[in-house]
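Novice: here you go, sequence then predicted model.
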Amino acid sequence: MARHLPDLAVDDHITRQFRAFYDEIVKARDRTNDSRETDPDAVANALARHLENLLELQSLESRRESTRFELENVADARYLKAALADEILLHTPWIGRERWTAHLLESALFRTNIAGDLVFSRIEELLSAREPSRRDLARLYLFALALGFQGKYRGTGEDGRLRGYREELFQFVYQRQADFSGRDRVVSERAYTSTLSHIAPRKLPTLSRWTVLFLLSAATLLAVSELLWLWQSWPVRQVLQPGAVVDASGAWQR
């Protein structure tokens, strides 16, 4: 589940925090492979404390920078980040994976263990109300699903249901259909800022069959004429060689 967040040119506060938290989940998990600690429970406990501290620091920062109307989004984003971390650490290989159930962030921070259901209940509430002020939060749910969060649908074969959630969230957040098949649709505008679009493309000229036959014939004639010239000029070239003499019969010898 080590995936990358899509670059959709968003830079709001809770999205920046979400990106930073996800990056740290992956990096901290991977660092455990180089840890001298070999006890899975100790490694899982240390990682849990590290991520809890990061969530608390982000929460303090959000309370300072967010308005009263944004605090609900901040609280929901905090829960979603904990749920995503638990899902990643439960379903990707690392040394403390088997012990993570004893160190779930959701259990430690919220005293619950229902994220697999609650995340989708909140998604459905967002899609039902479609409040413009909640689009930033809806974007985080879209990111979480894109990163592999499946919750109660994991292992059920209901990929179509998950795809439906992603499509509806995308439409709500970006106010257009989640269709990237069109020629004019791009994932990131920044990738196209330095392209040379004003230069008309130039194609190599195409050769007809008759042109090819003419060129082959000309090359053949040149080769034949070269051979004829060598054959006819052979006696002369022999005479012109240094040290050549004429014998009694008139033949040239060296």
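Specialist: Sure thing, it's come through. Quick caveat, the model's predicted, so the values are computed rather than measured.

Novice: please enumerate residues in contact with stretch 164-174?
Specialist: Stretch 164-174 has contacts (Cβ atoms under 8 Å, 6 or more residues apart in numbering) with 8, 120, 123, 126-127, 130, 135, 138-139, 141-142, 145-146, 177-178. Placement of C-beta: from N, CA and C, glycine included.

Novice: can you rerun that using 7 Å?
Specialist: Residues outside stretch 164-174 that contact it (Cβ atoms under 7 Å, 6 or more residues apart in numbering) are 123, 127, 130, 135, 138, 139, 141, 142, 145, 146, 177, 178.

Novice: how about the strands in the stretch 151-254 of the chain?
Specialist: For the stretch 151-254 of the chain, the strands defined by DSSP state E, counting those that start in this stretch occupy 245-246, 252-253.

Novice: tell me the contacts of residue 76?
Specialist: Applying Cβ under 7 Å, 6+ apart, the residues contacting residue 76 are 122, 137.

Novice: so for the strand or helix carrying it, mean pLDDT?
Specialist: Assessed by DSSP states H and E, residue 76 sits inside helix 71-91. Here helix 71-91 scores 96 as its mean pLDDT.

Novice: list the buried residues in it.
Specialist: The neighbour-count check on helix 71-91 (16 or more other Cβ atoms under 10 Å) flags 73-74, 76-89 as buried.

Novice: and which of these is nearest to residue 42?
Specialist: For those, the closest approach to residue 42 (Cβ to Cβ) belongs to residue 89, at 14.9 Å.

Novice: surely that closest one and residue 29 touch.
Specialist: Yes. Residue 89 lies in contact with residue 29 (Cβ atoms under 7 Å); the separation is 6.5 Å.

Novice: which residues of the stretch 151-254 of the chain fall in helices?
Specialist: Taking DSSP state H, counting those that start in this stretch as the test, the helices found in the stretch 151-254 of the chain are 159-174, 209-232, 234-240.

Novice: now the shortest one: mean pLDDT?
Specialist: Same thing as helix 234-240. Looking at helix 234-240 alone, the average pLDDT works out to 69.

Novice: how about stretch 29-36?
Specialist: Averaged across stretch 29-36, pLDDT comes to 91.

Novice: quick check: end-to-end length of it?
Specialist: 14 Å (Cα to Cα, to the nearest Å).

Novice: buried set for that stretch?
Specialist: Here stretch 29-36 shows 29, 32 as buried, counting by 16+ other Cβ under 10 Å.

Novice: quick one: buried residues of stretch 158-173?
Specialist: Buried positions in stretch 158-173, judged by neighbour count with 16+ other Cβ under 10 Å: 162, 165, 168, 169, 170, 171, 172, 173.
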